[in-house]
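[1] Got a sequence here, can you model it:
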Amino acid sequence: AAERERRLQERERLIEERRQEQARLDAEERRKEQERWEQQQREHEAAERERRGSRAGSGTAAEAAILVSQRTQNPREFFRQRERSGSTSGPTVPGGPPGARRPFLRYQRSLTESAFIFRRPEPPQTPPPGTSRGAPPPS
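    Numbering: from 1, shown residues only. From the prediction side, this is the model:
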């Protein structure tokens with residue numbers, strides 16, 4: 001019975017040692033995972049700061065300058081050439097030679113001009129008999 005008790009205690013001691021070792025390994029793994037996560041957060045924050053910094057002022061101006069320098073032709077020159085050559089479609093200039101074309105295809109009223117065109121209010125419409133009067137019609 002004493003020998004059996006001794007073996008049982010030895011087995012319990014080994015099991016406890018294994019548990020402690022496993023707990024230590026788990027804690028070490030959690031610590032490493034935490035360090036990896038913190039490092040990723042620092043890298044992400046640094047990349048975010050860099051991205052915000054590149055968007056500010058000089059970055060976009062420099063990018064625009066590069067794009068402009070890559071152009072092969074002046075955009076204004078493109079429209080000047082079209083005016084000189086004369087488009088084959090579109091209305092002709094009144095009083096001019098038949099081949100002359102207007103520089104603009106049609107006149108379009110701007111929103112500001114439209115805002116200053118005043119109209120007389122329409123007379124209120126009377127509802128058909130038998131209907132209830134709700135809110136007045138919009139003017």
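[2] Pull up the gap between E29 and E5, please.
    36 Å (CB to CB, to the nearest Å). (Each C-beta comes from the backbone N, C-alpha and C, glycine too.)
[3] Revised request: answer the last question for A65.
    88 Å.
[4] how about low-confidence regions in the chain?
    Scanning the chain with the threshold set as pLDDT under 70 gives 53-59, 72, 87-124, 126-139.
[5] just the helices in the chain please.
    Remark: helices assigned in the chain by DSSP state H are 2-55, 58-69, 75-85, 111-115.
[6] what's the closest of these to Q125?
    Closest approach to Q125 among the helices of the chain (CB to CB): helix 111-115, 24.8 Å.
[7] on that earlier part again, mind putting the helices of the chain in JSON lines, mean neighbour count included?
    Formatted as JSON lines, the helices of the chain follow (neighbours: other CB atoms under 10 Å):
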{"stretch": "helix 2-55", "mean neighbour count": "10"}
{"stretch": "helix 58-69", "mean neighbour count": "10"}
{"stretch": "helix 75-85", "mean neighbour count": "9"}
{"stretch": "helix 111-115", "mean neighbour count": "8"}
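[8] Could you save those as CSV and add columns showing distance to Q125?
    Output for the helices of the chain, formatted as CSV (distance: least, CB to CB, whole Å):
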stretch, distance to Q125
helix 2-55, 55
helix 58-69, 55
helix 75-85, 50
helix 111-115, 25
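[9] quick one, phi psi at N74?
    Note on N74: backbone dihedrals following degrees, to the nearest 10 are phi -70, psi 130.
[10] Neighbours of it, how many?
    Neighbour count of N74, defined by other CB atoms under 10 Å: 9.
[11] wait, what's in contact with it?
    With contacts defined as CB atoms under 8 Å, 6 or more residues apart in numbering, N74 has no neighbours.
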